[in-house]
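[1] Just a sequence and a predicted model for now, questions to come.
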Amino acid sequence: MNQLFKAVKVTDGVYWVGAIDWDVRNFHGYLTSRGTTYNAFLILADKVALIDTVKRPFADEMFARIASVIEPERIDYVVSNHSEMDHTGCLCEAIAAVKPEKVFASKMGQKALAGHFHMDREITVVGDGDGLDLGNMKLSFAETRMCHWPDSMVSYLHEAKLLFSQDAFGMHLASYERFADEVDRWVLDYEAAKYYANILLPLSPFVAAALEKLANLGLELGMVAPDHGPIWRKKQDIEMILGLYANWAERRPASKAVVFYDTMWGSTAKMARAIGEGLAAGGVKVKLMSMSASHRSDLAGELLDAGALVVGSPTINNCIFPSVADAMCYLKGLKAKCIVGAAFGSYGWSGEAPRQLDAMLGEMGIETAAEPLRINYVPDDEALGRCRQWGCKLAEALELKLKLAASK
Ligand code: FEO
């Protein structure tokens, strides 16, 4: 067995036996700039339980970490909190190697595992209120459907007051630091928000329901151990991440506009800069993002607290520029919800793109605050003045909407 990888003690009787993926950058369309971890946990009670596994290429790393504290064959139970393959990629291998007495998953997890792996192994279904007696320790389960998949559930280890939360409260961050209080706060803030925006945002109503469910269970949370990134163990950190999730799930917009665009010959970029000046002059915080220099997942992160989404595209062959269309499709899937939207773009011949973007904003449920702004060819000073003015009007519209929302 590989001697390089060691388990990391989380608390008495609990070890982290996951894997660090320093190199992953594309996580189903999400730019994971800092890599990620696939967290698996070993509970060394009278009965030994493995909570989740890791992505398949990292199986050796997980087995080596397990073997650094216990012979893998001594594992009695395997719990699959979430069936997405970054956590089950080596589940079949693990089952074959350790031959556990039982494998546990939610009802939907059982279906998902069958659909993924076509295994002949029996899966024991657990749900709300079910427990697993480990002798001197006890696990309880609670379903958290759609946080992230229909199968998602969490497991709570009573003696350690430890919640194994699968994807929820995680982040994509490769590091040797296993605990959140060992990581720079600004990194935690950025990566937790980006993760929520790209993974959980469209599922916000389910996140809110899960938070309520956990609160109603009255569990004392001494530690929260997600399936990605660091473990939360300080009271103030746990309160912080739970509070952030409550805010994000509620989707409160701020006085902030994200202007994203791409450009063919620089004209739509000139418009974007003038519009940004107008928005800023109107007192709104502004983020300009060229899609030739920004990734769609960073755009999603910026939109998490934005009140206005302003999108610009030149028209190419009667259509939206590809990078802008890509970002809009991604944002539509994430159910990005701003309270104000608007579209703009330079064009040469027919100029359909801004109108097409305006229609897409409508399909996304974002009310447009101004007619699409189109400029033929290269904007001159007069045209840029109009762009700036258009930005000022968007700022006014956003501020008005925010005031109305606050007065309700
Ligand atoms: Fe980390 Fe939904 O898997």
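    Happy to help now that I have it.
[2] Please identify which residue in the stretch 151-300 of the chain comes closest to the ligand.
    Going by Cβ to the nearest ligand atom, the ligand is nearest to Asp167 of the stretch 151-300 of the chain, at 4.4 Å. In this view, the C-beta of every residue, glycine as well, is placed from N, C-alpha and C.
[3] which residue packs closest to that residue, ignoring adjacent ones?
    Once flanking residues are discounted, Asp167 sits nearest to His148: 4.2 Å by Cβ to Cβ, 6 or more residues apart in numbering.
[4] Touching, that neighbour and Phe206? I think so.
    No. Counting by Cβ atoms under 8 Å, Phe206 is not a contact partner of His148; they are 9.0 Å apart.
[5] Contact distance from the ligand - what residues of the stretch 51-200 of the chain qualify?
    Those residues of the stretch 51-200 of the chain that sit near the ligand, judged by Cβ under 6 Å from any ligand atom, are 82, 84, 86-87, 148-149, 167.
[6] how far out from the middle of the chain is stretch 129-145?
    26 Å (Cα atoms, centre = their mean, to the nearest Å).
[7] Kindly check the end-to-end length of it for me.
    15 Å (Cα to Cα, to the nearest Å).
[8] Only the buried residues of that stretch, if you could.
    Residues of stretch 129-145 classed as buried: 130, 132, 134, 137, 139-145 (neighbour count, 16 or more other Cβ atoms under 10 Å).
[9] and what of stretch 264-271?
    Quick answer for stretch 264-271 (16+ other Cβ under 10 Å): 264, 267-271.
[10] Out of those, which comes closest to Lys335?
    Taking Cβ to Cβ as the measure, Lys335 lies nearest Thr268 of these, at 26.0 Å.
[11] Please identify which helix or strand holds that closest one.
    helix 267-281 (DSSP states H and E).
[12] still on that earlier bit, quick one: contacts for the residue nearest to Asp167?
    His148 makes contact with 82, 84, 166-168, 199-200, 203, according to Cβ atoms under 8 Å, 6 or more residues apart in numbering.
[13] My guess is Pro250 contacts Ala208. True?
    To be clear, residue 250 is Glu; Pro isn't right here. Yes. In this structure, Glu250 is within contact of Ala208 by Cβ under 8 Å, at 7.1 Å.
[14] if I look at Lys335, how far off is Arg251?
    9 Å (Cβ to Cβ, to the nearest Å).
[15] what sits in contact with each of these two?
    Ser204.
[16] neighbour-wise, which of those two wins?
    Per other Cβ atoms under 10 Å, whichever of Lys335 and Arg251 has more neighbours is Arg251, with 17 against 14.
[17] OK, contacts around that one?
    Contacts of Arg251 by Cβ under 8 Å, 6+ apart are 204, 337.
[18] re earlier: looking only at neighbour counts, state which of Glu250 and Ala208 leads.
    Ala208 (17 against 10).
[19] Report the secondary structure state of Cys147.
    coil (DSSP: H, G, I helix; E, B strand; the rest coil).
[20] Now the closest residue to the ligand within the stretch 101-250 of the chain: phi and psi?
    Here the stretch 101-250 of the chain gets closest to the ligand at one residue, His148, 3.9 Å apart by Cβ to the nearest ligand atom. Dihedral pair for His148: phi -120, psi -30, per degrees, to the nearest 10.
[21] what does Gly341 give?
    According to degrees, to the nearest 10, Gly341 has phi -140, psi 160.
[22] which residues in the stretch 51-200 of the chain form strands?
    With DSSP state E, counting those that start in this stretch as the criterion, the stretch 51-200 of the chain has strands at 77-79, 102-105, 124-125, 131-133, 138-143, 153-157, 162-166.
[23] Determine the set of other helices and strands touching the first one.
    Meaning strand 77-79. strand 48-51, helix 91-98, strand 102-105 (3 or more Cβ pairs under 8 Å, 6 or more residues apart in numbering; DSSP states H and E).
[24] That strand pairs with which strands, and in what direction?
    Paired neighbours of strand 77-79 in the sheet (DSSP bridges): strand 48-51 (parallel), strand 102-105 (parallel).
[25] So which of those is nearest Tyr195?
    strand 48-51 (19.8 Å).
[26] Contacts made by that closest one with the rest, please.
    For strand 48-51, the surrounding residues in contact (Cβ under 8 Å, 6+ apart) are 17, 40-43, 66, 70, 74-79, 81, 94, 98, 100, 132, 134, 139, 155, 164.
[27] go again using 7 Å as the cut-off
    Strand 48-51 is contacted from outside by 40-43, 70, 74-79, 81, 94, 134, 139, 155, 164, using Cβ atoms under 7 Å, 6 or more residues apart in numbering.
[28] Just the buried subset of the residues you listed, please.
    By 16+ other Cβ under 10 Å, the contacts of strand 48-51 give 40-43, 75-79, 81, 94, 134, 139, 155, 164 as buried.
[29] if I pick the closest residue to Leu217 other than its chain neighbours, what's in contact with it?
    Once flanking residues are discounted, Leu217 sits nearest to Ala142: 6.4 Å by Cβ to Cβ, 6+ apart. Contact analysis of Ala142 by Cβ under 7 Å, 6+ apart lists 128, 153-154, 213, 217.
[30] quick one: which two of these are the most distant?
    Every pair of the contacts of Ala142 checked by Cβ to Cβ; the farthest is Met153 and Leu217, at 12.7 Å.
[31] more neighbours, the two?
    Met153 (27 against 14).
[32] Wait, the more buried one touches Thr144, no?
    Yes. Under the criterion of Cβ atoms under 7 Å, Met153 makes contact with Thr144 at 5.9 Å.
[33] Domain-wise, how is this protein divided?
    8-250, 257-398 (automatic domain parsing).
[34] Reformat those domains as TSV; add mean pLDDT.
    Below are the domains of the chain laid out as TSV (pLDDT from 0 to 100):
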stretch	mean pLDDT
domain 8-250	97
domain 257-398	97
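[35] if I look at the residue of the stretch 101-250 of the chain closest to the ligand, how far off is Ser83?
    With Cβ to Cβ as the criterion, His148 and Ser83 are 10 Å apart.
[36] and if you look at Gly109?
    In terms of Cβ to Cβ, Gly109 sits 5 Å off from Ser83.
[37] shared neighbours, the two?
    Asp151.
[38] Look through this structure and tell me its longest helix.
    Longest helix of the chain, by residue count under DSSP state H: helix 381-407.
[39] Does anything pack onto that helix? Which helices or strands?
    Packed against helix 381-407 by the contact rule (3 or more Cβ pairs under 7 Å, 6 or more residues apart in numbering; DSSP states H and E) you find helix 267-281, strand 308-312, strand 340-347, strand 373-376.
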